[in-house]
Each structure stands twice: as structure tokens, then as C-alpha cells.
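1. Got a predicted structure here, sequence first:
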Amino acid sequence: MTGTLIPLRSDRGAASALAVFDVTAVELLQEGRAATLSDARLDVIRADLLAKRRQLVAMIADLRARLPSGDARIDAVNATLLAEAGIGLGYVDQFLEQVGACALRAPD
């Protein structure tokens, strides 16, 4: 591929939500590891979500493995963290499904 692709930025100087992924997506595109910028963005978003999912799964495993501390406040915080991490994992899984659906709908 010749030339350079430069991701678009907001006029206000603030990065868009996708700008975080654009640099890596452009690299994938330039290296020939993606056919289009949209495909590259989806790949980068999927990889980011999978990394976050692994972190949440590890956190949940850690919280489940903790023995009661004997301090009701700490145990309550750990229980809340466990519940919220489970909810977060559900959201990440939903986002992964949506990324997969977007990939299926993307034009060739």
C-alpha cells in the first residue's frame, strides 16, 4: 500500500471515541492484516474487549478465592465488587456479540 492513512480527529481537538483505536487499526491496515479500515477497527476493538474480559475473569476468580476477612465492611465491599465485576463481564460479552454482528454486516 502506498501513501499514508491519517485518522480523522475532532475539530475541537478532543479525540473521538474511535481515535484510541485508529492508530492501531491503521497499522493493521498498512501491514496488510486487514482489508479495510472498518475491518481493522473491529479487530482492534475486539482485541481490546477480549483483554478487558480476561482482566475481569481474573478479578472475579481472585474475589471468589478470598476467604472472609472477619471485617464485615471489607467482606461487603468484596461482595459488591464481585457482583459488579459479574455485571461488567456481561456487558463486555454483549459488546463482543455486537462487534461480531458488525463484522458480519460489514460490506466487502
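-> Perfect, thanks for sending it.
2. Name the SS class of the residue of the chain most remote from its centre, please.
-> Distance from the C-alpha centroid of the chain, by Cα atoms, centre = their mean, peaks at Gly70 (35.6 Å). Taken by DSSP: H, G, I helix; E, B strand; the rest coil, the conformation at Gly70 corresponds to coil.
3. For it, grab phi and psi.
-> phi 90, psi -10 (degrees, to the nearest 10).
4. so how far is Asp62 from it?
-> For Gly70, the distance to Asp62 (Cβ to Cβ, to the nearest Å) stands at 18 Å. Heads up, the C-betas are built off the backbone N, CA and C, glycines and all.
5. same question, Leu42
-> 30 Å.
6. More neighbours: which of the two?
-> Set Leu42 next to Asp62 and count neighbours by other Cβ atoms under 10 Å: Leu42 wins out with 19 against 13.
7. Can you name the helix or strand that the more buried one falls in?
-> Per DSSP states H and E: Leu42 is located in helix 37-65.
8. which element follows that helix toward the C-terminus?
-> Helices and strands here follow DSSP H and E; after helix 37-65, the next one along the chain is helix 72-105.
9. Show me which residues of that following helix are buried.
-> Residues of helix 72-105 classed as buried: 78, 82, 85, 88-89, 92, 95-96, 99 (neighbour count, 16 or more other Cβ atoms under 10 Å).
10. for the helix holding Leu42, packing partners?
-> When contacts are defined as 3 or more Cβ pairs under 8 Å, 6 or more residues apart in numbering; DSSP states H and E, helix 37-65 sits against helix 19-30, helix 72-105.
11. These into a markdown table, with extra columns for distance to Thr36?
-> Formatted as a markdown table, these follow (distance: least, Cβ to Cβ, whole Å):
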| stretch | distance to Thr36 |
| --- | --- |
| helix 19-30 | 7 |
| helix 72-105 | 11 |
